[in-house]
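**Student:** Coordinates for the following, if possible.
(2 chains, ligands or ions: 1)
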Amino acid sequence: MVEQPDRVEPDVDGAWFEVACQEFVELVTDYLEGALPPPVERAVATHLALCDPCVRYLDQIRRTTAALGTLPAPTLAPAVRAELLDVFDRLHPRPGDGRAGSP
Amino acid sequence: MRDRPEQEGAAPTAVLAAAEPGGSAAQVEVLARLGNGDRAAFAEIVDAWSPVMLRVALLYVSTQATAEEVVQETWLAVIRSLGRFEGRSSLKTWVFRILENRSRTRGRQEARTVPWSSAFPSDDGETGAEPTVDPRRFRGTDDAYPCHWTPDGMPVAWQPPPEDAVMAAEVRRQLRAALDELPVRQRTVVELRDVHGLTSEEVCERLGISPANQRILLHRGRARLRAGLDEVYRGRSREGSTGG
Ligand SMILES: [Zn+2]
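**Tutor:** Residues are numbered from 1 along each chain as shown, chains lettered A, B, ... in the order given. You can find the predicted model right below:
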């Protein structure tokens, strides 16, 4: 049996244990989602304080996520949108406003 | 009595208010604005939600054209029944409930399977057993630094960063292609979360999956997309350098 000093399991609350880089990359999403149990979250934070490559990995996941947010997504055709707004105007006229008031 | 001080300014707050819980002050205000014919507020909400509504409709129907019809029908139903909406839930929850009911009905009429409904959890490694980063990038368990990055395996700097104008187009092209290659459950979760900006709770509700499953699918999908971008950057640095 190979001894693994990086994998001391926490047996009581707040027990000390460490994560290695290979474990960190599998915890990164739970870390970002705030879904890790507190002792594991502390261990991840400790690891990040000491490991620049993992900080870079975390940063790259964040940048990937941010770049996904810039992808163009299909939306309604302009004509359909305009028609919806016209129906809205007809069924929900502004109070005391017979016609479209502003230009 | 003037109780609509900034109505004409149409601050871009309608979308946020429309996601607030039923009965909240923000919701009461946005419903009043819509009921009083605030076209700008309605347009703001239509513009913000239509892309994600099209994506959600595609969980049930098989073509973009049908999805567009369903979304259009949904907005018409919203406009017509706005006066009867009692505000027990958020406006957003209500609109998406109408959308899902109509999408489900259309999907049944079509009687064609859509990718989401035909995908099995096991297709996407939802058990989470396989590593998301190539194990060869890490040192062995008998190394002095077990399971830490190897010198060649560790992440390289992304220069210029993906958000830089020089890279943005290539990054988007790569992400779009990599998304389309993801297993369907991973792709769906990543698109709803990261492309369309739904919360994890909203994704779980839309897809009927547990928070833990949602995180596993998101994790595996994002890791693959990061790896794809990393390949682009490693390729660039190989081309850029003279030696190896
Ligand atoms: Zn590390």
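**Student:** Downstream of the worst-scoring helix or strand of chain A on mean pLDDT, the next helix or strand is which one?
**Tutor:** The helix or strand with the lowest mean pLDDT-type score in chain A, counting by mean pLDDT, DSSP states H and E, is helix A:38-50 (a mean of 95). Reading on from helix A:38-50 to the C-terminus, the next helix or strand found by DSSP states H and E is helix A:52-68.
**Student:** list the buried ones in that following helix?
**Tutor:** Counting neighbours by 16 or more other Cβ atoms under 10 Å in any protein chain shown, one finds that the buried residues in helix A:52-68 are A:Pro53, A:Cys54, A:Arg56, A:Tyr57, A:Leu58, A:Gln60, A:Ile61, A:Arg63, A:Thr64, A:Thr65, A:Ala67, A:Leu68. Every residue, glycine included, has its C-beta placed from N, CA and C.
**Student:** List the contacts of the helix or strand following that helix.
**Tutor:** Moving toward the C-terminus from helix A:52-68, the first helix or strand encountered (DSSP H and E) is helix A:78-91. Outside helix A:78-91, the residues that touch it by Cβ atoms under 8 Å, 6 or more residues apart in numbering or on different chains are A:75-76, A:100, B:37, B:39, B:42-43, B:46-47, B:50, B:68, B:72, B:75-76, B:79-80, B:82.
**Student:** now these: which count as buried?
**Tutor:** The neighbour-count criterion (16+ other Cβ under 10 Å) marks A:75-76, B:37, B:39, B:42-43, B:46, B:50, B:68, B:72, B:75, B:79, B:82 among the contacts of helix A:78-91 as buried.
**Student:** Quick check: which of those are also close to the ion?
**Tutor:** Filtering these for proximity to the ion by Cβ under 5 Å from the ion leaves nothing.
**Student:** Would you format those as TSV with pLDDT, secondary structure and distance to B:Arg112 included?
**Tutor:** Conversion of these to TSV gives the following (pLDDT from 0 to 100; DSSP: H, G, I helix; E, B strand; the rest coil; distance: Cβ to Cβ, whole Å):
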residue	pLDDT	secondary structure	distance to B:Arg112
A:Thr75	96	coil	24
A:Leu76	97	coil	23
B:Gly37	95	coil	40
B:Arg39	96	helix	37
B:Phe42	97	helix	33
B:Ala43	97	helix	33
B:Val46	97	helix	28
B:Ser50	98	helix	23
B:Glu68	97	helix	17
B:Gln72	98	helix	20
B:Trp75	98	helix	24
B:Ile79	97	helix	29
B:Leu82	94	helix	32
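**Student:** returning to what we had before: the least confident helix or strand of chain A: how far from the chain's middle?
**Tutor:** Distance of helix A:38-50 from the chain centroid (Cα atoms, centre = their mean, to the nearest Å) equals 19 Å.
**Student:** any bit of it sitting next to the ion?
**Tutor:** No - Helix A:38-50 is not in contact with the ion by Cβ under 5 Å from the ion; minimum separation 5.6 Å.
**Student:** which of the buried ones among the contacts of helix A:78-91 sit farthest apart?
**Tutor:** Pairwise distances across the buried ones among the contacts of helix A:78-91 peak at 25.6 Å for B:Gly37 and B:Glu68 (criterion: Cβ to Cβ).
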